[in-house]
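Novice: Next comes the sequence, and after it the predicted model I'd like to discuss.
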Amino acid sequence: MPTPAPALQDVPAPAVPRWLLATRVLKAYVALTKPRIIELLLVTTLPAMVLAAGGWPPMGLTFATLFGGYLSAGSANAFNSLIDRDIDAIMNRTRNRPLVTGEVSVRGARNFAWILGAVSLAWFWFVVGSPLATGLTLLAILGYVVGYTLILKRRTSQNIVWGGIAGCMPALIGWAAVTDSLAWEPFLLFLIVFFWTPPHYWPLSMKFRKDYAHAEVPMLPVVAPTRRVAIEMIAYAVAMVLTSLVLVPVGGMTWVYLAAAAGAGAWFVVGCVQLYVRSQRGDQKLKEMRLFRQSIVYLTIVFAAVLVDPFLPDALSVWS
């Protein structure tokens with residue numbers, strides 16, 4: 001009789017290095033802050049600071065404001081992820097977020113959000129040194145967490161319109177960080193972002209309409225015909241462009257800004273009209289994500305023009 005082979009022993013899985021575990025945890029917490037959303041917020045902060053200073057603000061103040069803005073926006077986004085974890089678990093687009101996968105615990109996310117928020121307010125008060133910017137930062141966090149996430153998001157199809165006000169605040173915060181005051185220029189920048197938000201977000205909502213419907217989130221593209229959504233997008237886009245042009249006389253902008261704002265605005269409005277035409281024809285492919293990406297390019301172009309405008313010669317001023 002052959003000698004039976006010895007029983008195979010369970011081989012323990014190789015231990016995961018601590019540094020790799022720490023990296024995974026760090027990435028999960030960073031993901032809670034939604035960095036890609038924060039990028040857009042910072043795109044509106046820096047130009048507002050440059051416009052307020054009439055040139056480049058002190059580098060220390062610039063870094064401090066942008067870092068504080070990241071902390072505050074990260075806090076608001078972490079609270080949003082915490083509150084909306086039930087929705088995120090249902091939607092295909094969000095089911096891999098850290099609170100859904102268990103990479104971050106509820107307690108960990110809650111503590112992280114509170115700490116980021118507290119540190120950001122202390123940072124604006126003591127490091128940036130602007131009580132007004134601190135107060136505006138607090139309003140932005142409360143507006144996104146309480147106004148949008150807790151009150152509006154699950155109750156009204158106008159959620160992103162009024163809830164989007166929090167995303168407009170960086171323009172005011174950036175200006176206040178430089179001057180510790182406000183003026184008409186930052187309010188116009190605020191309104192540009194306000195009118196931009198619906199035609200920016202609704203195409204994404206169209207693309208993921210089934211996701212939002214399944215999660216019972218009444219985004220306008222879920223509860224209204226595409227034709228109505230497209231018409232409202234055109235109206236908001238036109239208001240956005242007109243507001244950007246009002247900045248020319250109020251802010252003493254140059255022909256460079258005027259050309260950028262008018263050209264990019266016309267391009268984006270045409271994109272909204274094209275979506276409306278496709279919806280009228282009953283096209284199966286509305287190309288919503290193309291318009292979504294156009295909206296990001298539009299905002300980048302306009303605020304880049306705001307950023308460079310103070311450095312251009314006075315001879316290029318529209319009113320010179």
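Specialist: That came in fine, so what should we check first? Everything quoted here is computed from the prediction, not taken from an experiment. Numbers count the residues shown, from 1 in each chain.
Novice: secondary structure element for Gly263?
Specialist: For Gly263, the element it lies in under DSSP states H and E is helix 255-281.
Novice: Show me which residues of that helix are buried.
Specialist: 257-258, 260-261, 264-265, 268-269, 271-272, 274-276, 278-279 (16 or more other Cβ atoms under 10 Å). The C-beta positions use only the backbone N, C-alpha and C, and glycine is treated the same way.
Novice: Centre of the chain to it, how far?
Specialist: Helix 255-281 sits 21 Å away from the centroid of its parent chain (Cα atoms, centre = their mean, to the nearest Å).
Novice: ok and the very next helix or strand once past that helix relative to helix 255-281, angle-wise?
Specialist: Next in sequence after helix 255-281, counting helices and strands by DSSP H and E, comes helix 288-308. With axes from the mean of the first three to the mean of the last three Cα atoms, to 10 degrees applied, the angle from helix 288-308 to helix 255-281 works out at 170 degrees.
Novice: would you put the C-alpha positions of helix 288-308 in PDB?
Specialist: In PDB, the C-alpha atoms belonging to helix 288-308 read as follows (Å, rounded to 0.1, in the frame of the first residue of the first chain):
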ATOM      1  CA  GLU A 288     -25.600  64.600 -21.800                       C
ATOM      2  CA  MET A 289     -22.000  63.900 -20.700                       C
ATOM      3  CA  ARG A 290     -20.600  66.000 -23.500                       C
ATOM      4  CA  LEU A 291     -22.600  68.900 -22.200                       C
ATOM      5  CA  PHE A 292     -21.500  68.100 -18.700                       C
ATOM      6  CA  ARG A 293     -17.900  68.300 -19.700                       C
ATOM      7  CA  GLN A 294     -18.600  71.500 -21.700                       C
ATOM      8  CA  SER A 295     -19.800  73.100 -18.500                       C
ATOM      9  CA  ILE A 296     -16.600  72.400 -16.700                       C
ATOM     10  CA  VAL A 297     -14.500  73.700 -19.600                       C
ATOM     11  CA  TYR A 298     -16.800  76.900 -19.700                       C
ATOM     12  CA  LEU A 299     -16.300  77.600 -16.000                       C
ATOM     13  CA  THR A 300     -12.500  77.100 -16.300                       C
ATOM     14  CA  ILE A 301     -12.200  79.400 -19.300                       C
ATOM     15  CA  VAL A 302     -14.300  82.200 -17.700                       C
ATOM     16  CA  PHE A 303     -12.500  82.100 -14.300                       C
ATOM     17  CA  ALA A 304      -9.100  81.700 -16.000                       C
ATOM     18  CA  ALA A 305      -9.900  85.000 -17.800                       C
ATOM     19  CA  VAL A 306     -10.800  86.600 -14.500                       C
ATOM     20  CA  LEU A 307      -7.400  85.300 -13.200                       C
ATOM     21  CA  VAL A 308      -5.300  86.800 -15.900                       C
END
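Novice: Give the residue spans of the protein that score low on pLDDT.
Specialist: Within the chain, the segments meeting pLDDT under 70 span 1-16.
Novice: Outline the domain layout of it.
Specialist: 31-182, 183-320 (automatic domain parsing).
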